[in-house]
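Peer 1: Here you go, sequence then predicted model.
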Amino acid sequence: KKKVPAFPYQERYMLSWRNYLAHLDFEISQFTNLYGEVTTYRETWKGVDKEFKNDKNIGGQLTKKGFFEKNVPESLFQEPDKLTKAKNIFEFVKKHYSWTGEDGRYTKARVKRAFDEHRGSSAEINMSLINLLNAADIKTNMMLLSTRNHGLAKKIYPVMKDFNYIVAFAEIEGKKYLLDATDDMMPFGRIPYKCLNHYGRVMDFKEASYWYNIEPKSGNKIIHRLNLVYDKEIDQFTGTMDQICMGYDGVRRRWELKELNNDTDKILDALDTEYGDFLEIGDWEFYKDKSSQERVWEHFDFATDYDLNEGNAILNPFLFNLFESNPLPLDNRTFPVDFGHSRSWKIDVNLTLPEGYEIEQFPESQEVKLGQGLGYMKINSVTKGQRAKITYELTLKQSYFPTNMYKPLKDFFAYAVDEQKNATLTIRKSQSK
């Protein structure tokens, strides 16, 4: 007898286990009462569209333009540029409401009450956003979706319990935007990571509903810029680091800072936990003028344990590890790898040595590609005299990798992680002439 291996429910970079385990779902389609009267429930999307449009709890909540026009500042509607106007409305909704923490069923939404109370579920907040955008003459519909941990919605027929979230679907000057105003850290045009679940159903009550593919925005990147110098007086390498988080990485970093109450001491403790095995963290600073909704820019000082006391040193120029081990540990994986969005990590190191020392060995420049343009790992080293510039970059241009790509992806990560962890820079005293 062969044992069936347990399913890895909590494996990294995966959608809901419900997508991969066989199971049956039931939803009532028709009911006949004792008198022979037949009631049909949601057989087709056409029927769902009609039901939703006429439902006071759904379609009725999306026809409150008049209420919002009377209760928000007139200036929101006076901006002539439609995209700017949409962004202003989006920011207004984010500031006006506090999210209750409930994703909520769209069938329980009450937008007037939520507006008056300045708080609501994600459905109430996003329905309010839809109303306001339509009041500003910006065509906006409700889009139903299923979050990543809820499972993929079935496309062959309507199963309404498959959906557990709504966002706004706006069309502005020929471009389509997915919007979610529940997260006050979320930039315009992005939806929360939990919503990056491939597709949703746009409920266009004037025409007909249709499926729409969710394409996560690019520009998601973490950059570390290090300036490393040798201080003869204390016989130690010291330096500064700029940490720049962009896109979804920027959103995540903003939340991390908020959870630390933007308290410098707490942030320094967190940085020490993250980098303490490699660096001794000094002062930290948030660069407000260089940051934006799409970017978080931080700066801090550090010192290392490396020294030139014996006249020579061997060190890893990147100083810390992006990954302690391969993030894809399974030998075989029978379900796709889904990162949610593109990913990129970069470390730029500028090294300066004092007179009397020279760089003997440094990481070899190289580039390794994943598949046909799916990703790459680059190392680039340039040295001149007592200076060196060494760059490491790891990029995944695609967020979804089917099962047949698991082995190449795992091998790619294994090589990329090993090259970064084991990079070597050798420094020695210059030979006397």
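Peer 2: Structure's in. What do you need? Numbering: from 1, shown residues only.
Peer 1: Using neighbour counts, pick out the buried residues of whichever strand or helix holds residue 123.
Peer 2: Assigned by DSSP states H and E, residue 123 belongs to helix 122-135. Neighbour counts over helix 122-135 (16 or more other C-beta atoms under 10 Å) mark 122-135 as buried. Where C-beta positions appear, they are placed from N, C-alpha and C, glycine not excepted.
Peer 1: before we move on, what about stretch 63-81?
Peer 2: Result for stretch 63-81 [16+ other C-beta under 10 Å]: buried residues 64, 68, 72, 76, 77.
Peer 1: Beyond the helix holding residue 123, next helix or strand please.
Peer 2: By DSSP H and E, the next helix or strand past helix 122-135 is strand 140-145.
Peer 1: other SSEs contacting the helix or strand that that next one is followed by?
Peer 2: Next in sequence after strand 140-145, counting helices and strands by DSSP H and E, comes strand 165-172. Helices and strands touching strand 165-172, by 3 or more C-beta pairs under 8 Å, 6 or more residues apart in numbering; DSSP states H and E, are helix 82-96, helix 122-135, strand 140-145, strand 175-179.
Peer 1: thinking again about what came up before, now for the buried residues of helix 122-135: which two are most distant?
Peer 2: 122 and 135 (20.3 Å; C-beta to C-beta).
Peer 1: Give me the most central residue, the protein.
Peer 2: residue 248 (3.2 Å; C-alpha atoms, centre = their mean).
Peer 1: Just the pLDDT for that one.
Peer 2: You'll see residue 248 listed with a pLDDT of 97.
Peer 1: so what's residue 371 closest to, chain neighbours aside?
Peer 2: residue 408 (6.5 Å; C-beta to C-beta, 6 or more residues apart in numbering).
Peer 1: same check, this time on residue 282
Peer 2: residue 301 is the one closest to residue 282 (C-beta to C-beta, 6+ apart), at 3.4 Å.
Peer 1: Check for me that the one you found belongs to a strand.
Peer 2: Yes - under DSSP: H, G, I helix; E, B strand; the rest coil, residue 301 falls within a strand.
Peer 1: Show me what it is bridged to.
Peer 2: Here residue 301 sits in beta bridges with residue 240, going by DSSP bridges.
Peer 1: Among the buried residues of stretch 63-81, which one lies nearest to residue 416?
Peer 2: Distances from residue 416 to these, taken by C-beta to C-beta, are shortest for residue 76, at 47.5 Å.
Peer 1: quick one: the closest one is in a helix?
Peer 2: Yes - Residue 76: assigned to a helix according to three-state DSSP.
Peer 1: Show me what the helix-or-strand element of the chain with minimal mean pLDDT is in contact with.
Peer 2: Least confident helix or strand, the chain: strand 38-40 with a mean of 75, by mean pLDDT, DSSP states H and E. With contacts defined as C-beta atoms under 8 Å, 6 or more residues apart in numbering, strand 38-40 is touched by 29, 30, 31, 32, 33, 47.
Peer 1: For the stretch 201-350 of the chain, give me the ranges with low pLDDT.
Peer 2: Where the stretch 201-350 of the chain drops to pLDDT under 70, the residues are 309-311.
Peer 1: Count the neighbours of residue 215 for me.
Peer 2: 13 (other C-beta atoms under 10 Å).
Peer 1: do the one 3 residues further on as well
Peer 2: Residue 218 has 14 neighbouring residues, counting by other C-beta under 10 Å.
Peer 1: could you measure it against residue 395, distance?
Peer 2: 11 Å (C-beta to C-beta, to the nearest Å).
Peer 1: what's the answer for residue 261, then?
Peer 2: 33 Å.
Peer 1: Look at those two and report which has more neighbours.
Peer 2: Here residue 261 and residue 395 are compared on neighbour count by other C-beta under 10 Å; more neighbours surround residue 395, at 17 against 10.
Peer 1: ok but residue 318 is inside a strand, no?
Peer 2: No - secondary structure of residue 318 (three-state DSSP): coil, not part of a strand.
Peer 1: need the contact list for it.
Peer 2: 347, 349, 390, 392, 420, 423.
Peer 1: Show me which of these is closest to residue 306.
Peer 2: Proximity of the contacts of residue 318 to residue 306 (C-beta to C-beta) peaks at residue 349, which lies at 12.8 Å.
Peer 1: The contacts of strand 38-40 in strands, which ones?
Peer 2: Mapping those onto strands (DSSP state E) picks out 30, 31, 32.
Peer 1: possible to save these as TSV with pLDDT, neighbour count and distance to residue 282?
Peer 2: Formatted as TSV, the entries for those read as follows, by pLDDT from 0 to 100; neighbours: other C-beta atoms under 10 Å; distance: C-beta to C-beta, whole Å:
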residue	pLDDT	neighbour count	distance to residue 282
30	74	9	70
31	76	10	70
32	84	9	75
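Peer 1: and which of those residues is nearest residue 357?
Peer 2: residue 30 (83.0 Å).
Peer 1: ok, and the closest non-adjacent residue to residue 415?
Peer 2: Nearest to residue 415 is residue 368, by C-beta to C-beta, 6+ apart, at 6.3 Å.
Peer 1: Just the CA trace of the helix or strand that contains that neighbour, in CSV.
Peer 2: For residue 368, the host element (DSSP H and E) is strand 366-370. Taking C-alpha atoms only, strand 366-370 is exported to CSV below (Å, rounded to 0.1, in the frame of the first residue of the first chain):
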residue,chain,number,x,y,z
GLN,A,366,27.4,37.4,-14.7
GLU,A,367,23.8,37.1,-15.8
VAL,A,368,21.6,34.0,-15.4
LYS,A,369,18.1,34.0,-17.1
LEU,A,370,15.0,32.2,-16.2
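Peer 1: Name the residues that touch stretch 175-191?
Peer 2: Contacts of stretch 175-191 (C-beta under 8 Å, 6+ apart): 86-87, 90-91, 93-95, 97, 99, 122, 125-126, 128-129, 143, 167-171, 192, 195, 212, 214, 217, 247-248, 251, 254-255, 258, 293-294.
Peer 1: Buried members of those into PyMOL, please.
Peer 2: Command for PyMOL, covering only those of the contacts of stretch 175-191 found buried under the criterion 16+ other C-beta under 10 Å:
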select buried, resi 86+87+90+93+94+97+99+122+125+126+128+129+143+167+168+169+170+192+195+212+217+247+248+251+254+293+294
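Peer 1: State the phi and psi torsions of residue 29.
Peer 2: Here is the backbone geometry of residue 29 (degrees, to the nearest 10): phi -110, psi -30.
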